[in-house]
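K.L.:
Quick one, fold the following:
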Amino acid sequence: MPNADAKPRVDSARVAAAIVAVVLALDQASKAWAVAELDDGPVSIIGTDVELRLSFNSGGAFSLFRGFTPLLAVLAIVIAVVLVRAVRRTDDRWTLIALSLVLAGAVGNLADRAFRSPGFLSGHVVDFVKVGSFPTFNVADSAITVGAVVLVVLAFLPRARAQ
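P.N.:
Alright, predicted model coming up:
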């Protein structure tokens, strides 16, 4: 006998896969553009407050843990697996979207660590958006941040939302 929940789970899987695919494509395309076009120097958007400035991050968020790039790559793989499992289990649309954004960002930065110089699982993440004194970031970082903020907001909403 077919499971009555099968169709919604399939739809959720498709939504999650679409979100991850779109964000990953935007992230990798924007990084390829940044590497090709920003090598000669930054492009000013609003003075020095908002710039497109190419940098390569061997560390984690906010350039922490430089020198631990292979460990960060392995950690990203573990986090991606945990996120895939969480995405598959959630029934809430907003949680699905938030987890998919975080997963897409994690995979985007993991792709840099796996395939960019200097080597497999030692690659540096391409960052290129500089806003004020905030650390330079990319599309993957933005997806992770938006997804995490949505998850935090959902955690504080009343349980009635899910019913």
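K.L.:
Mind listing what's buried along the longest helix along the chain?
P.N.:
Among the segments of the chain that qualify as a helix by DSSP state H, the longest is helix 6-37. For helix 6-37, a neighbour-count test (16 or more other Cβ atoms under 10 Å) marks 12, 16, 19, 20, 23, 24, 26, 27, 28, 30, 31, 34 as buried. Yep, even glycine has a C-beta here, placed from its N, CA and C like the rest.
K.L.:
From the chain's centroid, how far away is that helix?
P.N.:
Its chain's C-alpha centre and that of helix 6-37 lie 10 Å apart, by Cα atoms, centre = their mean, to the nearest Å.
K.L.:
Just list what that helix packs against, helices and strands only.
P.N.:
Counting contacts by 3 or more Cβ pairs under 8 Å, 6 or more residues apart in numbering; DSSP states H and E, helix 6-37 is packed against strand 50-57, helix 69-89, helix 93-115, strand 125-131, helix 139-156.
K.L.:
closest to residue 38 out of these?
P.N.:
Evaluated over those, closeness to residue 38 peaks at strand 50-57, with 3.8 Å, by Cβ to Cβ.
K.L.:
hmm, who's touching that closest one?
P.N.:
Residues from elsewhere that reach strand 50-57 (Cβ atoms under 8 Å, 6 or more residues apart in numbering): 34-35, 38-39, 42-45, 63, 116, 124-132, 136.
K.L.:
Could you do stretch 148-162 as well?
P.N.:
92, 94, 95, 97, 98, 99, 101, 102.
K.L.:
What is the neighbour count of residue 52?
P.N.:
Neighbour count for residue 52, taken as other Cβ atoms under 10 Å: 18.
K.L.:
And for the residue nearest to it when sequence neighbours are not counted, the neighbour number?
P.N.:
Take residue 52 and drop its neighbours on the chain: the residue closest to it by Cβ to Cβ, 6 or more residues apart in numbering is residue 43, 4.4 Å away. By other Cβ under 10 Å, 14 other residues sit near residue 43.
K.L.:
Let me see the contact set for residue 43.
P.N.:
37, 51, 52, 53.
K.L.:
wait, doesn't residue 135 sit right on residue 59?
P.N.:
No: taking Cβ atoms under 8 Å as the definition, residue 135 is not a contact partner of residue 59, at 10.0 Å.
K.L.:
Rank the buried residues of helix 6-37 by pLDDT and give me only the lowest.
P.N.:
The member of the buried residues of helix 6-37 with the lowest pLDDT is residue 12, at 88.
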